[in-house]
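Q: With the sequence up front, the predicted model follows.
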There are 2 protein chains.
Amino acid sequence: MKKTPISVAIVEDVQGTRENLEELLKRTPDLKCAGIYASGEDALRNLPKIAPDVVLMDINLPGMTGVQCTAELKAVLPKTLILMLTAYENSDLIFESLRSGASGYLMKNTEPDEIIQAIEQVCAGGAPMSMQIARKVVNHFQLIKKPSAEFEQLTVRENEILSLLAKGFLYKEIAAQLQISLHTVRGHVHLVYEKLHVQSRSEAIIKFLGQKG
Amino acid sequence: MKKTPISVAIVEDVQGTRENLEELLKRTPDLKCAGIYASGEDALRNLPKIAPDVVLMDINLPGMTGVQCTAELKAVLPKTLILMLTAYENSDLIFESLRSGASGYLMKNTEPDEIIQAIEQVCAGGAPMSMQIARKVVNHFQLIKKPSAEFEQLTVRENEILSLLAKGFLYKEIAAQLQISLHTVRGHVHLVYEKLHVQSRSEAIIKFLGQKG
DNA sequence: AGACATACAGAACGAATGTTCTGTAGCTAA
DNA sequence: TTAGCTACAGAACATTCGTTCTGTATGTCT
């Protein structure tokens, strides 16, 4: 698929795991081990010159975490693909990693064969991860969707006013934009609060923004 | 893995494809074809009684779309897993499907073997999709991330207060929770506003929530 | 037509919020 | 040590918001 070998760097604090990974890369024909680092700080200092195709990043590093390191690396090397390695399936860390720019998420107990496959897959435009992790990622989208019954009761005018509220306008600014009096705005806002079951502008905005996701 | 066969329903308007899928299910030992429908409306009428384990849903249906059908089915049968079938890799449709509650996303030209595997995988807690689609889903998380320079200037106390503001608490409630005076809360809030370059609680909340994704 | 419901508009009053001050404690650099 | 900086705490005053009223169209049943 690729003629030149894929250059891969390793960031992993545990010596044993680090050496195993290095060994694995070295004995695989199409891969090249471009750098090995025991800490995120060390990796950040050296990787920018090397610009590898792929980085295998331990998520649990002493000092700077793998997530932080990923974010900073991606800022410098946007084209470098990062695969997280982790011992545990922690949901929060998965999402933080993906937000930081990781392109895949592997468990440490993954078979060597599959690690190699994952490296090739990520280069081919994929996002390798275990099927349990894939489901978590997919479910995340569904959580965004919320019951929107309350919002449907709002009249056109109330919706108009709510969306202005949620842009941060003052009552008097809303009154000016809609050509109605300040008092009237207050009246509408109060009805919006009743229908949304909230008692302050803040809560209404939070509910409104949470709704759009 | 499962002793009883997995019950699978098909929603697909094209007769040829529909019959091919049915044939595929029938000749696979561990699968049972529980229902075949040519439209979303038809599926919605009949599936609630059947409650299959998995539904293969064509995304491109005449009348009600596969996405709509997925959303309504999921509302009635939250435990039923839905795999979307599609001819084209349209990003928007992928995300709409996932938001509507689909648990996997297959191309129509997928090999029969892989379709069977996908059905088994989704029952086992996975989220089968092509590697290109997986990457799109993962990338979606990265887009959420925004520049957060302003927030880093906040002190621990200020962050604490901002996050309480963004939960809708009143000043006096915040004062009580943090054991400081109402006046002090005001003072902190004002500093937060300065650092975030906003001038009201609403704007601060909007900025704070927009930041988290 | 009369009774009822709803969307919209406005006013008065108390409560919450925003601004601008002052003061204290801890930490750093000259 | 002293001067300067920052985080935190508080007070006085002005503005904005939230609640509870009343009133006016408009539409829909019966």
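A: Yes, it's here.
Q: C-alpha from now on. contacts and neighbour counts both.
A: Fine.
Q: Contact partners for the residue of chain A positioned farthest from its centre?
A: Ranked by distance from the centre of chain A (C-alpha atoms, centre = their mean), the top residue is A:Ser181, with 44.1 Å. Contacts for A:Ser181 (C-alpha atoms under 8 Å, 6 or more residues apart in numbering or on different chains) come out as A:172, A:175.
Q: What of A:Val189?
A: Contacts of A:Val189 (C-alpha under 8 Å, 6+ apart): A:158, A:161-162.
Q: Pull out the buried members of the residues you listed.
A: Among those, those scoring as buried are A:158, A:161-162 (criterion: 16 or more other C-alpha atoms under 10 Å in any protein chain shown).
Q: which among the residues you listed gets closest to chain B?
A: Using C-alpha to the nearest C-alpha, A:Leu162 is the member of these that lies nearest chain B, at 12.0 Å.
Q: related to what we said a few turns ago, so can I have a markdown table of the contacts of A:Val189 showing distance to DNA strand D and secondary structure?
A: Output for the contacts of A:Val189, formatted as a markdown table (distance: C-alpha to the nearest atom of the strand, whole Å; DSSP: H, G, I helix; E, B strand; the rest coil):
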| residue | distance to DNA strand D | secondary structure |
| --- | --- | --- |
| A:Glu158 | 13 | helix |
| A:Ile161 | 11 | helix |
| A:Leu162 | 10 | helix |
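Q: and which of the residues you listed is nearest A:Pro128?
A: Distance to A:Pro128, by C-alpha to C-alpha, is smallest for A:Leu162 among the contacts of A:Val189, at 42.1 Å.
Q: who touches stretch A:150-163?
A: With C-alpha under 8 Å, 6+ apart as the test, stretch A:150-163 has contacts from A:174, A:185, A:188-189, A:191-192, A:195-196, A:204-205, A:208.
Q: Report whether that stretch contacts DNA strand C.
A: Yes: against DNA strand C, stretch A:150-163 shows contacts by C-alpha under 7 Å from any atom of the strand at A:153-158.
Q: Could you do stretch A:177-193 as well?
A: Yes: counting by C-alpha under 7 Å from any atom of the strand, DNA strand C has neighbours in stretch A:177-193: A:180-184, A:186-188.
Q: and the next element down the chain from whichever strand or helix holds A:Ala34?
A: Using DSSP states H and E, A:Ala34 maps to strand A:31-37. Sequence-wise, the next helix or strand downstream of strand A:31-37 (DSSP H and E) is helix A:40-50.
Q: list the contacts for A:Ile115?
A: A:Leu106.
Q: what's the helix or strand for it?
A: Going by DSSP H and E, A:Ile115 is part of helix A:112-123.
Q: Between strand A:31-37 and that helix, find me the angle.
A: 90 degrees (axes from the mean of the first three to the mean of the last three C-alpha atoms, to 10 degrees).
Q: Next, the contact list for the nearest residue to A:Glu72 once chain neighbours are set aside, please.
A: If the residues on either side of it in the chain are set aside, A:Glu72 comes closest to A:Leu44, at 7.6 Å by C-alpha to C-alpha, 6 or more residues apart in numbering or on different chains. A:Leu44 is in contact with A:69, A:72-73, counting by C-alpha under 8 Å, 6+ apart.
Q: Give me the buried stretch members for stretch A:172-180, please.
A: Under 16+ other C-alpha under 10 Å, the buried positions of stretch A:172-180 are A:174-175.
Q: That one vs chain B: in contact?
A: No: judged by C-alpha under 8 Å from any C-alpha of the partner chain, stretch A:172-180 makes no contact with chain B; its nearest approach is 13.3 Å.
Q: Give me the contacts around that stretch.
A: A:161, A:164-165, A:181-182, A:184-185.
Q: redo that, cut-off 10 Å
A: A:157, A:160-162, A:164-165, A:168-171, A:181-186 (C-alpha atoms under 10 Å, 6 or more residues apart in numbering or on different chains).
Q: Extract the CA atoms of it and return them as PDB.
A: Output in PDB follows, covering the C-alpha atoms of stretch A:172-180 (Å, rounded to 0.1, in the frame of the first residue of the first chain):
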ATOM      1  CA  LYS A 172     -33.500  46.900  26.700                       C
ATOM      2  CA  GLU A 173     -31.600  45.700  23.600                       C
ATOM      3  CA  ILE A 174     -34.200  43.100  22.900                       C
ATOM      4  CA  ALA A 175     -36.900  45.700  23.300                       C
ATOM      5  CA  ALA A 176     -35.200  47.900  20.800                       C
ATOM      6  CA  GLN A 177     -34.600  45.100  18.300                       C
ATOM      7  CA  LEU A 178     -38.300  44.000  18.500                       C
ATOM      8  CA  GLN A 179     -39.700  47.500  18.800                       C
ATOM      9  CA  ILE A 180     -41.600  46.800  22.000                       C
END
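Q: so how far is the host helix or strand of A:Ile174 off the chain centroid?
A: According to DSSP H and E, A:Ile174 maps onto helix A:171-178. Between the centre of helix A:171-178 and the centre of its chain there are 38 Å (C-alpha atoms, centre = their mean, to the nearest Å).
Q: try stretch A:40-58
A: For stretch A:40-58, the distance to the chain centre is 20 Å (C-alpha atoms, centre = their mean).
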